[in-house]
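Dropping a prediction and its sequence here:
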Amino acid sequence: MNPVLIEVLRGSTAESLHAGALAIVDASGTVHTALGDIDRPIFPRSAVKLLQALPLVASGAAETFGLTDAELALACASHSGEPEHVATAAGVLAKLGLTTDALECGTQWPSREPVLRGMAARGEVATPLHNNCSGKHSGFVCVACLMARRAGAEPAEFARGYVAAEHPVMREVSSALSAATGVNVEQAPRGIDGCSIPTFALPLRSLALAFARCGTGQGLSDANARAARTLRQAAAVAPFMVGGTDRFDTRVMQAFGERIFCKIGAEGVYCAALPELGLGIALKIDDGAARAAEAVMAAVARTLLKTEDELLRSYSHLQLRNWRGIDVGSLRPAQALTQALAP
């Protein structure tokens, strides 16, 4: 059974307990910290978008179509569907001569409530561009268009069905995941992600290794090492594109730049690379609580980066307030996590 990593207090009494597992690994595979079962396969979901975007750069597609830092950062994003995100994804498709119809991620309303309310008030409808994965999918379509160009095929026709596991684009994405994690994903448990692409269940140990490799380049091919560095740098330049207003990933990368690349995934998953330390981080909260996953990531980053930064502390020791603004409790790292991170 995994240990409790985060406690939720109401007053001074524990109201909820969030158990989970945490792996911190270097690029050689040496385990720095392990809590819980780090070898049980879990679905990383959107936490691995950096890995899924490696072919976009490594193939030459990003350079061929002149993608900007903002567009590359969006390829790694689970964005809030704000106007800047929508316009950036649309801009990528325009460079390809394609329309929103090329995206196979599905339609999703913005998660940013003021944006959602504004659209509803104006009678606007959501499109696939508002989907939190529209940047990643625009990147997939870029890869498909480059493949089509090289094969002498019609781009829109070649790209059709790119979300299927057997499509050449998804084969490249799966190959990049395998190379980074050291796991043959074709033999891993498979599901379908929220945006319709395949998702593979992988151990936290292997996910942390992949992010250590992406932070250092060690253990990756030259092309994938360059791609990882390019994508991390793009996220540091344009962190808003990776999340959005008041989002953890955006706020942390705005504060720390290239010192950290972090990415949330659905169901309480988080992955991160700390390039200066050569470490990768992967964690999973058993009950899928996102705020608990953010709290663990904040505590880990604060400890490893040796910073007293109040932004990270505000997440790892989140104050809970009711609708009148009265302090009613807090989140805090549980004893198992505190002891594991102690010097």
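Happy to help now that I have it.

Kindly export the longest helix along the chain (C-alpha atoms) in CSV.
Counting residues, the longest helix found in the chain (DSSP state H) is helix 134-151. The C-alpha trace of helix 134-151 is given here as CSV (Å, rounded to 0.1, in the frame of the first residue of the first chain):
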residue,chain,number,x,y,z
SER,A,134,-5.2,21.4,-29.4
GLY,A,135,-1.5,22.4,-29.4
LYS,A,136,-0.3,18.8,-29.0
HIS,A,137,-2.6,17.8,-31.9
SER,A,138,-1.5,20.7,-34.0
GLY,A,139,2.0,19.3,-33.5
PHE,A,140,0.9,15.9,-34.6
VAL,A,141,-0.6,17.3,-37.7
CYS,A,142,2.7,19.1,-38.5
VAL,A,143,4.5,15.8,-38.3
ALA,A,144,1.9,14.3,-40.6
CYS,A,145,2.3,17.1,-43.1
LEU,A,146,6.0,16.7,-43.3
MET,A,147,5.6,12.9,-43.7
ALA,A,148,3.1,13.6,-46.5
ARG,A,149,5.5,16.1,-48.2
ARG,A,150,8.3,13.5,-48.2
ALA,A,151,6.0,10.8,-49.5
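
Tell me the helices and strands packed up against that helix.
Packed against helix 134-151 by the contact rule (3 or more Cβ pairs under 8 Å, 6 or more residues apart in numbering; DSSP states H and E) you find helix 54-58, helix 61-64, helix 69-75, helix 83-96, helix 155-159, helix 168-181. In this view, the C-beta of every residue, glycine as well, is placed from N, C-alpha and C.

Residue 125: neighbouring residues, count only.
The number of residues packed near residue 125 is 9, by other Cβ atoms under 10 Å.

Tell me the secondary structure of it, please.
Here residue 125 is recorded as coil under DSSP: H, G, I helix; E, B strand; the rest coil.

Now the longest helix of the chain: buried residues?
134-148 (16 or more other Cβ atoms under 10 Å).

Also stretch 197-216?
197-200, 202-216.

now stretch 170-188
For stretch 170-188, a neighbour-count test (16+ other Cβ under 10 Å) marks 170, 172-181, 183, 185, 188 as buried.

cool, stretch 19-35 as well?
19-27, 32-35.

Need the residues you listed in JSON lines (columns: secondary structure, distance to residue 248 and pLDDT).
Shown next, in JSON lines, are those (DSSP: H, G, I helix; E, B strand; the rest coil; distance: Cβ to Cβ, whole Å; pLDDT from 0 to 100):
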{"residue": "19", "secondary structure": "strand", "distance to residue 248": "21", "pLDDT": "98"}
{"residue": "20", "secondary structure": "strand", "distance to residue 248": "16", "pLDDT": "98"}
{"residue": "21", "secondary structure": "strand", "distance to residue 248": "20", "pLDDT": "98"}
{"residue": "22", "secondary structure": "strand", "distance to residue 248": "17", "pLDDT": "98"}
{"residue": "23", "secondary structure": "strand", "distance to residue 248": "19", "pLDDT": "98"}
{"residue": "24", "secondary structure": "strand", "distance to residue 248": "18", "pLDDT": "98"}
{"residue": "25", "secondary structure": "strand", "distance to residue 248": "22", "pLDDT": "98"}
{"residue": "26", "secondary structure": "strand", "distance to residue 248": "24", "pLDDT": "98"}
{"residue": "27", "secondary structure": "coil", "distance to residue 248": "25", "pLDDT": "98"}
{"residue": "32", "secondary structure": "strand", "distance to residue 248": "22", "pLDDT": "97"}
{"residue": "33", "secondary structure": "strand", "distance to residue 248": "21", "pLDDT": "97"}
{"residue": "34", "secondary structure": "strand", "distance to residue 248": "23", "pLDDT": "98"}
{"residue": "35", "secondary structure": "strand", "distance to residue 248": "20", "pLDDT": "98"}
